[in-house]
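Enquirer: sharing a model prediction with you, sequence too.
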Amino acid sequence: MTKKIVYSKPFTVLMSICMFFISVLIPLKSASAEVIHREKYEIAWAYSPQYGKDVRTELLKNANGHIAYCLVYGKKSPDGQDLPEIGRTDDVVYRVLLNGYPQKTPEQLGVSTWQQAHYATQLSVWVALGQLQPDDLQFKDGEVERAVKAIRYAADHTEDTQDVFMNMKPTDKQEAKLNGAYFETTVYAVESNAKQGTYQVALNQAPVGTRIVTEQGEAKETFSLGETFRVQVPKSSKSAELSLKVTANLTNQHAVVYQGTESIQDATVLLERSQQKVSQDIQVFWKSMGGLEIRKVDENKKPLAGAVFEVLTSDQKSMGTITTNDKGVASLDNIEMGTYVVKEVKSPVGYVLQDTPQTVEVKTGEIATITAENQPIYGELEVTKVDVADGNVKLPHAEFEIRNEKGDMVAKGKTNAEGIAKFSKIPFGAYTYREVVAPEGFMLNEEAFSFEIKQNGEIVKHTVADEKIPLIQTTATDKTDGAKEMHTSQSVTIQDKVVYKDLQVGKEYTIKGKLMEKASNQPLVVKGKEVTAESTFTAKEANGAIALDFTFDATGLEGKEVVVFEEVWKDGKIVTSHADINDKGQTIQFVKPSVQTTATNKEDGSKELEAKNAVTIQDKVAYKDFIVGKEYVVKGKLMDKSTKQPFVVDGKEVTAEHIFTTKEKDGVATVDFTFGASALEGKEVVVFEDVYQNDVLVATHSDIQDKGQTVTFKNRPVQPKPEQPQTPSKTPDVPVQPEQPQPKVEQPAKAQPMVKAVETHPKKVEGMLPTTGGQEENPYWMWIGGVVMLVGGLVAIRAYRSHKKAS
């Protein structure tokens, strides 16, 4: 951005003298003269306190009608004088003229008339030269004032210059690229600040047919400023380079100065002037290159990789070797156009070498293509299938698949009645084959077998053995007695006997078992883990048996069935299994036993007994879902219902037990309790029973409130004493119920009171009632004592309050 320069008056005079000498000593061209005329007009002139008058001007024009402006304020304007051209003004005035009238219209300058526009431009020239101070001017026309400010602002904010320049882009060395029939350069541009101009392009060492074209491809010799061009070289040209140079005639506006006289001031006019500019040499090169492509295929036109070719020039100079890729293509790029010889020096693996040379012509920008074909090598595979236990036994119906190194299947076949499978016309290469279907009753041999076909007609023979599928049968029982039913406990052991057949003698096997819950057909989980067992052994005979034990906590499995699943492993693989959820032989039933007891007097079967020295309580234990044939022990104990503690006679608990063997799942066993009961008058006794099998508690019945388990010892009769009359109080509020005689026997906490109901009208009492302790009690003394205590309490309270108040 150019800053505004304000000149002082002495500096203005000095600059005018310098411009005079510059114009005399360093003229732009031969001096010429110009007749300047003036035209007067009237306008609201601005007043200058600096000069003490209005600042006036006239419209100056040269012979061609171009508007001129005065350069020295205070002198007369030229009027018909022939003024010589002495050079040009500086760029400060030049920028004012570019942004003033008539370069800008009155409308663009924001004024209404050309006079306003002209006057604003002239004032801006004098301000730019420092001959007027803009802040001192007193404008009478607001539009003129604004126009002066606009012209000065535009001139101060531009970098336009009268010097003409020319630049080329690009200037570095460029490669012409093949495009159709020509090598074509990038676009070249001529940049200049000239208002207009033309240019021409000169070429040096260009091949015949080279041309200069526009960006659109039109051939031209002379270009206008702003147009771009390219260089096109025929593609038949050999690799080389050329140079180009641009000569331009450029026209630009100059602020030309016409020299006045002592009384006539200098004037300046914007006129067009032409100059010639020449660029530096710019280099262009191109490469006349082509390509060669060889396609290698087999007899079925399938691409072949790995074929190696040597490429020779017409004079037998080797260009090196190229190899076909997985698409069967070998290529050689960026080679000079010309004639070449191609010779196969190595065939693809498994193919016959094709060594006949071929000639090919390579052209610029084109790819020469040739195709070479090879014949493959074929061989055969013969597989014999036998029994691993007896190699003389041939196995038909075994199916095999052959795959190449990429994993693609190339052949598939079965063994015939003699156990032989033949595969013919297998191409050269490395292969693997597997058994995919085993003969019936035999295990699949999953091993991958390898072979190679290296020579034409070669036959590869292999023998593959299979082993019979082993058979297993399992039987799960209770390890303790071999039963199929079990009681639950914290530790039980199910033993599964596995009978096997057709194992390989001398081979190591592992049998893995797992318990399944039959109802859900899911693995049995105990404490967050599946119940499993396994055993590893070496088969000494093909057929045999082995036992597998499952020890676990069976708590909570009452009423459930579990099934044993078994797998036989060899060499890390399952060779056979037995996993039938409905197989009864593999199933164990956990019983859900329960007992219900009924205690009675053994003598008469009643629920009451006399409290005497020797009594017998008989408890009938009805059991359900016990295991037939097992021995059980019923252990009983008498409980004091009132204390809920074991009943003790002579310092010992009263117990009894009975041992029996079940013949049916449901039945009844009896337990007799014989003991001395003379002190048990009025007591209730409850029988608790526990049932054990093999020292394991399997059922219990211990309900202290169960009436079936309860017997009662009778109270001895008590003779009532004569009743004594009872004197009622004078004003009784509630009738008093006479007390009933009570025996001196401990009753249970929830025993019902002997009094059945309260009569509305009490009967006459004949005498005193008997008490539980055997002493008589007088109800009158009780009432009198209560009244005395109440009166004494009231007196004490009143005395206490009086004492406190006095304090």
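Expert: Structure received.

Enquirer: quick one: Trp286 and Pro234 touch, right?
Expert: No: contact between Trp286 and Pro234 fails when scored by C-beta atoms under 8 Å: they sit 10.0 Å apart. Quick note: C-beta positions are derived from backbone N, CA and C, even for glycine.

Enquirer: so where's this protein uncertain?
Expert: For the chain, the stretches flagged by pLDDT under 70 are 1-33, 717-788, 795, 799-800, 802-807.

Enquirer: so for the lengthiest strand in it, what gets flagged as buried?
Expert: The longest strand of the chain (DSSP state E) is strand 240-258. Across strand 240-258, burial judged by 16 or more other C-beta atoms under 10 Å covers 241-242, 244, 246, 248-258.

Enquirer: what do you get for stretch 558-566?
Expert: For stretch 558-566, using 16+ other C-beta under 10 Å, the buried residues are Lys560, Glu561, Val562, Val563, Val564, Phe565, Glu566.

Enquirer: please flag which of those residues sit within helices.
Expert: Among the buried residues of stretch 558-566, DSSP state H puts none in helices.

Enquirer: which one of those residues is nearest to Lys479?
Expert: The nearest member of the buried residues of stretch 558-566 to Lys479, counting by C-beta to C-beta, is Val564 at 12.4 Å.

Enquirer: before we move on, back to that, closest one to Val201 out of the buried residues of stretch 558-566, please.
Expert: Phe565 (94.5 Å).

Enquirer: which ones are touching the closest one?
Expert: Gly513, Lys514, Leu515, Met516, Ser577, His578, Ala579, Gln586 (C-beta atoms under 8 Å, 6 or more residues apart in numbering).

Enquirer: helix/strand/coil for the closest residue in space to Gln131 that isn't next to it in sequence?
Expert: With sequence-adjacent residues excluded and distances taken as C-beta to C-beta, 6 or more residues apart in numbering, Gln131 is closest to Tyr73, at 4.3 Å. At Tyr73 the chain is in coil, as set by DSSP: H, G, I helix; E, B strand; the rest coil.

Enquirer: for Phe660, state which of the buried residues of strand 240-258 is nearest.
Expert: When those are compared against Phe660 (criterion: C-beta to C-beta), the nearest one is Glu241, at 122.4 Å.

Enquirer: where do the strands sit along the stretch 51-200 of the chain?
Expert: 53-55, 59-61, 67-70, 81-88, 166-169, 174-175, 177-179, 182-184, 188-192, 196-204 (DSSP state E, counting those that start in this stretch).

Enquirer: need those strands in a markdown table (columns: mean neighbour count and distance to Thr415).
Expert: Formatted as a markdown table, these follow (neighbours: other C-beta atoms under 10 Å; distance: least, C-beta to C-beta, whole Å):
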| stretch | mean neighbour count | distance to Thr415 |
| --- | --- | --- |
| strand 53-55 | 14 | 124 |
| strand 59-61 | 20 | 118 |
| strand 67-70 | 24 | 114 |
| strand 81-88 | 18 | 110 |
| strand 166-169 | 16 | 81 |
| strand 174-175 | 16 | 69 |
| strand 177-179 | 15 | 64 |
| strand 182-184 | 23 | 69 |
| strand 188-192 | 19 | 80 |
| strand 196-204 | 16 | 82 |
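
Enquirer: which stretch among these comes nearest Gln265?
Expert: Judging those by C-beta to C-beta, what sits closest to Gln265 is strand 67-70, at 5.1 Å.

Enquirer: hang on, the earlier thing: next one: the longest strand of the chain to chain centre, how far?
Expert: 65 Å (C-alpha atoms, centre = their mean, to the nearest Å).

Enquirer: the spatially closest residue to Gly379 that is not a sequence neighbour pairs with what?
Expert: Leaving aside its sequence neighbours, Gly379 sits nearest to Ile453 (C-beta to C-beta, 6+ apart; 3.4 Å). On the basis of DSSP bridges, Ile453 is bridged to Gly429.
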